[in-house]
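1. Quick one: sequence plus predicted model below, questions after.
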Amino acid sequence: MDNKSNKLIVLAVAGLVVGGWGLVDRLLHGLNPVAFGSVIPWGLWVAFYLFFLGLSAGAFLVTILAYVFGLKKFEAAAPLAAFTVLVALLCEVQFILLDLGTMHRAFYQFFLSPNFSSLMFWMMVLFIAMLGLYLTKTCVLIRGAVVALAADRTCCYRGLYRFLAFGQTAYDESIRVADQRLVRKLSWVSLPVGLLFYWVNGAFFAVVPGRPLWNSALTPVMFVVAALLSGGALIAFLMLTLRGDDAEGREVGLGLGRAVYYLLLAFLLLELTQLFIASTSNRPDAAFALERIITSGGGLLFGVVHLCIGSLLPLVLLRGGASSPKAVIWACALIVVTFVAFRFNFVVADLAVTRLEGLEASYVHFRLSADYVPNLNEWLVSLWVVSTGLLAFVLGTRFLPVVGPLNGGEFHA
Amino acid sequence: MARQPAKEDSLLRMQKELKRAKEKDQKTVRWIMVIDQAKCAGCHACTVACAAENKLPPGVIYRPVTEHEFGQFPNVRRSFQPRPCMQCDNPPCVTVCPVTATYKNAQGVTVIDYARCIGCRYCLAACPYGARTSDFAEWHAKGVPTLRSVTAGGDWAAAGYEEKPAAEYSKTWDPRSDRNSPVGNARKCHFCLHRLAVGMLPACVTTCVGRATYFGDRNDPKALVRELIGSPRVMRLKEEMGTKPAVYYLV
């Protein structure tokens, strides 16, 4: 484990060093180094934001399975899932802050002059709610183990655990019961908050008038399902990779794999519905957006990356090898990694639809062009953010008791 | 044949109407623009005047002119359509702005508070007319060696044109740099509010060589624009979206 995590740490640090160049360029010159413009105002970073938004939904899926469907075994994935939410939120917020033209104002302007009719404002509110909820949940879930580690004189990082225990030296039965009760309450609260969070992110796009694919009641529903799918796949992958050796971890991972299979079917049905309606609506703008999706990246992004590698292959693997941890690991990894292609197409295709005929030709400048390919700066900044997430995750799973079973504790989602 | 009295130039008439509107209670004024496409020659003078007036950097445009060609040779017709901000009565950009940086002023003009805008570009995505652009800190004169004056020893072209901020919204902005607003912000046509404030018509109106752009107060029954919007030729862009634009076209 340590050897594996050392390699990942080296990889993350290398990513930070290389990506740091792009980050410095971005911070010094604002949005000048990016390739997107006024016609395509959101690009790779917003696609990555949505990607990490989906990855943060793993804990939401675990909570649904454990509390709504009463499948208590999934509670074993709760600490890892809750911690993964924090890492995903960390990446999300970095991407969205770096995408802002005047990012410093985001720290105070939302509070000074909020617009309650804007869904972006509610996204911010729900983001803070999710962060608070899952930070508290993670702390409470690992408290027993942290206190035990702080008391262990043989532990190398005792000082860290004493700091994380906030001075608490004992963890008796009464505290454990109180923590269990608190976690259950937080889990119930996280259900509506999580649902709203993913729904609002979808509605954010759906309310934009005249965008042929976004402007649909299907979009928020699709966002919830997409989030559960990619987030669930990530947690299944992590459970089987990190706890594949113990029976409990394997059982939970395989169970999540089955849930991912049905979520993938539901997601593909929704996507097919969206594309079918767009292709048969006889609307030129919808046809254009559809064509952009199908042809983006030389036709590879949708057909090969998203559909074949990210959807059909995982379907076959999950269907045929539902009881094989290896098959589930591969299927979930493919879903997670390729999901960014779906997010990218979702964001860019609709933005490329011309708003008024002849507008693009009226003033020629690359900032006013509907042709968008992410440039080196955008990739480097993305590498930086992903590396921060990887580093945070590896350090967290190495030093915090979020992976293994707690000492005498009961897990709760 | 009796001699007809000389017809007053539309610019002079609109100037008088502007003076009249300035004397009214400003809450009762509703600025609108009328563009006669039959008169528009597609010279792009309004586009250039607007860019000069507001010191627009490359990639930022408030008033492009779109060109449309109909028919097949030899039966071809060409028309031009200037597209300022529509100053919608029901603007989608105002609804989506998360920090109320964009709002309608008392005269119905949709304005942007540069000091408040966080640069999220949600309004760019929401505008059905593509009337908003973002300022990505592009420069006309940066890195152009010929603009450097040997005798004066300074980059005078850049200092005179680009670095000095425009008078937009009648405010004093910091010198333009890669970091100061409006760099990083959404930008759009604002009917030259800073010119209206001192009794001048918008730059696109005064520079229109074909007198195709009209401007005035919709609530003034004697205004030229009021006469024009009564024409059977009048239309507004994308009315089906319910945005209620304040820019009318005569087609």
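-> Good, I have the coordinates. Since this is a predicted model, take the numbers as computed values, not measurements.
2. so where is the chain shaky, pLDDT-wise?
-> All of this is about chain A. Within chain A, the stretches with pLDDT under 70 are A:1-2, A:404-413.
3. looking at chain B here, not the other one
-> B:1-3, B:5, B:143-161.
4. tell me the helices in it, going along the chain?
-> B:10-23, B:45-53, B:92-96, B:122-126, B:156-157, B:193-196, B:203-206, B:224-228 (DSSP state H).
5. and the strand or helix carrying residue A:343, what does it pack onto?
-> Using DSSP states H and E, the element containing residue A:343 is helix A:325-351. In terms of contacts (3 or more Cβ pairs under 8 Å, 6 or more residues apart in numbering or on different chains; DSSP states H and E), helix A:325-351 is packed against helix A:44-55, helix A:218-242, helix A:247-280, helix A:284-295, helix A:313-320. Bear in mind the C-beta positions are built from the backbone N, C-alpha and C, glycine included.
6. and of those helices, who's closest to chain B?
-> Proximity to chain B (Cβ to the nearest Cβ) singles out helix A:44-55 among the helices and strands packed on helix A:325-351, at 9.3 Å.
7. is chain B contacted by the closest one?
-> No. Judged by Cβ under 8 Å from any Cβ of the partner chain, helix A:44-55 makes no contact with chain B; its nearest approach is 9.3 Å.
8. What residue in the stretch 101-250 of chain A comes nearest to chain B?
-> For the stretch 101-250 of chain A, Cβ to the nearest Cβ, closest residue to chain B: residue A:101, 2.0 Å.
9. Quick one: residues contacting that residue.
-> Neighbouring residues of residue A:101 by Cβ atoms under 8 Å, 6 or more residues apart in numbering or on different chains: A:30-31, B:117-121, B:134-135, B:183-186.
10. The helix holding residue A:343: which residues count as buried?
-> Within helix A:325-351, the residues scored as buried using 16 or more other Cβ atoms under 10 Å in any protein chain shown are A:325, A:327-351.
11. before we move on, back to that, would you format the helices and strands packed on helix A:325-351 as JSON lines with mean neighbour count and distance to residue B:97 included?
-> Below are the helices and strands packed on helix A:325-351 laid out as JSON lines (neighbours: other Cβ atoms under 10 Å in any protein chain shown; distance: least, Cβ to Cβ, whole Å):
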{"stretch": "helix A:44-55", "mean neighbour count": "26", "distance to residue B:97": "17"}
{"stretch": "helix A:218-242", "mean neighbour count": "25", "distance to residue B:97": "20"}
{"stretch": "helix A:247-280", "mean neighbour count": "18", "distance to residue B:97": "27"}
{"stretch": "helix A:284-295", "mean neighbour count": "18", "distance to residue B:97": "24"}
{"stretch": "helix A:313-320", "mean neighbour count": "18", "distance to residue B:97": "40"}
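12. quick revisit: quick check: of the contacts of residue A:101, which lies closest to residue A:293?
-> residue B:121 (21.3 Å; Cβ to Cβ).
13. from what I can see the closest one touches residue B:134, true?
-> Yes. Checked against Cβ atoms under 8 Å, the pair residue B:121 and residue B:134 is within contact range at 5.5 Å.
14. burial of the residue in the stretch 51-200 of chain B positioned nearest to chain A, as a residue count?
-> Nearest residue of the stretch 51-200 of chain B to chain A (Cβ to the nearest Cβ) works out as residue B:119 at 2.0 Å. Residue B:119 sits with 25 neighbouring residues when counted by other Cβ atoms under 10 Å in any protein chain shown.
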